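Student: next come a sequence and a model predicted from it.
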Amino acid sequence: MSPSSVPYANGDHANDTNGNNPHRGTILVTGGAGFIGSHTVLELLNKGFEVVVVDNCINAYKADADLPECLKRVQELTGKIVTFYLVDLRDLEKTREIFSKHSFLCVIHFAGLKAVNESVQFPLMYYQHNLIGSMNILQCMVEFKINDMIFSSSATVYGSPHFLPLTESHPVGDCTNAYGKSKYFIEQFLQDHCAANPHVNAVVLRYFNPIGAHESGRLGEDPAGIPNNLMPYVAQVASGKLSQLSVFGNDYETRDGTGVRDYIHVVDLALGHTAALEKMLEGSLSGLKTYNLGTGKGHSVLEMVAAMKKASGVDIPYVIKARRGGDVGEVYADCTLAATDLNWHATRDLETMCRDLWNWQSQNKTGFQPS
Ligand code: UFG
């Protein structure tokens, strides 16, 4: 393994500095230096798991030969150690080497490219990262007899809703971009893999729109360049980094004509993963299970602008523009199944989401990079 892929610290021997939680086993988190991944790593550590992260850091700030900045902050916040490998999952040999060094209870698989527009421009790159990376992880899990996986999927697999709220039984696969299709294809791999191997369990979590940040203001979303998603963009307008928001369309059949989405606090989303993990480890989820993770509530673009204005105390100028290609008017989840099976539901409201996002944005104007 090259020097950059040498683990930063060996989590298998990490101590619980709080002394609260006994060692509960080691979880491999792929893509653990990303927005949702890093928040999930923090919650796993808080629950007494040891965590090994593998990430290629294409989208995570990292000073040379060191941990990604977000994971340094996770260590500060938890007082615990994260084991880190700078490895691209397309490299089967290096991925296999990680499996040979640890004994994992479960793999939580976040790693992948995720920008919708970019995936339309570079579909091959998306399929290479997302599909080959996932196949390599599954291959290693087979070789090292790891039977449990939690997979990071997306509401994007539903395509344009036939009915609302979206339940897990809504048809899937009618996606208009390579990113969405890659998520759908991986769900299909997992379905076939579980059907052929009755001892294998996979939980597919379909996320709605994750926003917000850790309440400490130390962890949050750090998009590269100009944000594509609504709330990081709005936050940068509020902080003065961007001058105004473009609202893509006010002629949808929604309350105020602007697009409606089911926004969920990233910490609630992270806790959805730990809830699924606990159920999986106690043996109450077997085979392939699929859950929506959202709040079940829809908010329009203009409602989000108003909520962020209230949280920040800053005016957010906007202009109405034409609809964005590929967008749908309204999307929100039915999360009953996650409540029933995982004993999980989102508890953080829109005000908390915006408060925490503003707290992060105002304290970290340059994201994880030094200013
Ligand atoms: N929007 C604007 N202006 C912007 C950005 C977004 O008006 O500058 C609007 C969009 O038109 C949409 C809403 O804000 O109505 C939300 O857009 P986002 O780009 O934040 O989120 P999407 O719902 O389009 O997509 C997101 C992720 C996908 C994921 C999907 C799951 O980007 O990766 O949620 O539903 F698949």
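Tutor: Nice, thanks for sending it over.
Student: and Leu337, how close does it get to Asn201?
Tutor: Counting by CB to CB, to the nearest Å, the separation of Leu337 from Asn201 is 16 Å. (Each C-beta comes from the backbone N, C-alpha and C, glycine too.)
Student: quick one, which of those two is more surrounded?
Tutor: The neighbour comparison of Leu337 against Asn201 (other CB atoms under 10 Å) goes to Asn201, with 21 against 16.
Student: that one touches Met280, doesn't it?
Tutor: Yes: at 5.9 Å, Asn201 counts as touching Met280 under the criterion of CB atoms under 8 Å.
Student: and for those two, which residues touch both?
Tutor: Here Asn201 and Met280 have Asp148 as joint contacts, going by CB atoms under 8 Å, 6 or more residues apart in numbering.
Student: just how off-centre is stretch 63-74 within its chain?
Tutor: Per CA atoms, centre = their mean, to the nearest Å, the displacement of stretch 63-74 from the mean C-alpha position of its chain is 18 Å.
Student: and stretch 70-90, by the same measure?
Tutor: That offset, for stretch 70-90, works out to 15 Å (CA atoms, centre = their mean).
Student: neighbours around Lys365, how many?
Tutor: Counted with other CB under 10 Å, Lys365 comes out at 12.
Student: what strand or helix carries it?
Tutor: According to DSSP states H and E, Lys365 maps onto no helix or strand at all.
Student: packing partners for the strand or helix carrying Cys106?
Tutor: Cys106 is part of strand 104-109 when elements are defined by DSSP H and E. The elements that strand 104-109 packs onto, with contact taken as 3 or more CB pairs under 8 Å, 6 or more residues apart in numbering; DSSP states H and E, are strand 26-30, helix 35-46, helix 133-143, strand 148-154, helix 266-281.
Student: what's in contact with that strand?
Tutor: By CB under 8 Å, 6+ apart, strand 104-109 touches 24-31, 37, 40, 44, 49, 52, 134, 137, 141, 144, 146, 148-152, 273, 277, 280-281.
Student: same thing but at 7 Å, please
Tutor: For strand 104-109, contacts defined as CB atoms under 7 Å, 6 or more residues apart in numbering pick out 25-30, 40, 134, 137, 141, 146, 148-152, 273, 277, 280-281.
Student: so is Ser284 in a helix, a strand, or just coil?
Tutor: At Ser284 the chain is in coil, as set by DSSP: H, G, I helix; E, B strand; the rest coil.
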